[in-house]
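**Q** I need the structure of the sequence given here:
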Amino acid sequence: MRSFYLLVLAATVFAAGSFSANAFLASSSPTPPSSTSYTSTSTVLCEYIPTGFTKESWAKFKKTETEKNKKTPNLGRVGPKGFQSRSMQSFQEALERGEADHLLPVFNAKEKLARGEIKKQDIPYMQRGGAWDNSDVKGAQKKNWLSSDKAYAAGGYKKSQSVSILGEGAGLDWTGTRQTTGPAQSGVKLGKNYKAPNVSQMKGDAPEKKPKKGMFGFF
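**A** Below is the predicted model:
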C-alpha cells in the first residue's frame, strides 16, 4: 500500500515538473505570428470645416471667395489694400508746408455721418477706405498733389514695397553679414547740437523767412 502511494506521488511530481517546464519554454520562446494575422488598413482623409459651417455652406463660401479673388488683381502686393495712401516723404513735405496734418480716427463715424454731424471727408481716408486726396468723395475739396506724389504714383511706390521697417530698402540684417553704411563707418561725428535736416533742406530749397518778433514776442 505504501508503495502505491509513493508511485502516485512520483507521478504527480513528474506531471507538475513537465507542466512548469513547458510553461517556461512557452513564455521565453513565443511562437511568431503568421503573416496572415495582419490586416492592411487605409488612411482616411477628413476635410477641415470651420466652426459654424456645414459641408455645403463651406463649399459655397469657398466658391464665392474664389470668384471674388479673380476680380481683384495683385493680391500679393505689399502695403495697404483698403485705401489709397501717399508716400511718407510726400506726407512729411505737406506737413512742413502746412498742407497736411496727423489724422485721428473718428469714433461712431457712421452714426455721426447719418445724423449729419460730420461730412464724409471729415472721416480719415484710411478709416473710410478712400484716397488721401479726397478723390473718392464727390464734392469734397481735393488736396494738392506734390511732385513727389506724382513720382510715387508713376511707379515710385514699387521702391517702397519693402519688408524693411523703414518702408524702403532691404530688410533687417538678421545674420550680421551685410556691409553697413552710415556716419560711424564714414567717420562723420555728430555734435551735441546736431539737428536733422527737414525735407526742404535736403532738397536744397531756400529756407522760409520768419517775421522778427519784438519785445516779449508781441511787437
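**Q** Flag the shaky bits of this structure, pLDDT-wise.
**A** Scanning the chain for pLDDT under 70 picks out 1-41, 72-81, 157-172, 180-188, 206-219.
**Q** in it, which spans are helices?
**A** Along the chain, the segments classed as helices by DSSP state H run 2-28, 55-70, 88-96, 109-115, 125-128, 147-151, 157-160, 183-186, 199-203.
**Q** How about Glu99: what's its closest non-neighbour residue?
**A** Distance criterion CB to CB, 6 or more residues apart in numbering; nearest residue to Glu99, sequence neighbours excluded, is Asn144 at 6.0 Å. (Each C-beta comes from the backbone N, C-alpha and C, glycine too.)
**Q** hang on, the one you found packs against Glu93?
**A** No: using CB atoms under 8 Å, Asn144 is not in contact with Glu93; the gap is 10.7 Å.
**Q** which of these two has more neighbours?
**A** Glu93 (22 against 10; other CB atoms under 10 Å).
**Q** Am I right that the more buried one is in contact with Ser148?
**A** Yes: assessed by CB under 8 Å, Glu93 is found in contact with Ser148 at 6.1 Å.
**Q** Now do the contacts for Lys143.
**A** Neighbouring residues of Lys143 by CB atoms under 8 Å, 6 or more residues apart in numbering: 94, 99-100, 132-134.
**Q** ok, of those residues, which come out buried?
**A** 94, 100, 132-134 (16 or more other CB atoms under 10 Å).
**Q** Present those as a markdown table; the columns should include distance to Lys68.
**A** Formatted as a markdown table, those follow (distance: CB to CB, whole Å):
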| residue | distance to Lys68 |
| --- | --- |
| Ala94 | 35 |
| Ala100 | 34 |
| Trp132 | 26 |
| Asp133 | 27 |
| Asn134 | 27 |
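**Q** from those residues, which two are the most distant?
**A** Farthest apart among the buried ones among the contacts of Lys143 by CB to CB are Ala94 and Asn134. That separation is 13.3 Å.
**Q** Tally up the residues packed near Lys192, please.
**A** By other CB under 10 Å, neighbour count at Lys192 equals 4.
**Q** isn't Ser200 right up against Ala94?
**A** No: Ser200 lies out of contact with Ala94 (CB under 8 Å); the separation is 11.7 Å.
**Q** just to revisit the earlier point, nearest to Glu65, of the contacts of Lys143?
**A** Nearest member of the contacts of Lys143 to Glu65, counting by CB to CB, is Trp132, at 28.9 Å.
**Q** Report the contact partners of the closest one.
**A** 83-86, 125, 143.
**Q** at 7 Å what do you get?
**A** 84-86, 125, 143 (CB atoms under 7 Å, 6 or more residues apart in numbering).
**Q** Ser85 - how many residues pack around it?
**A** For Ser85, the tally of surrounding residues (other CB under 10 Å) stands at 17.
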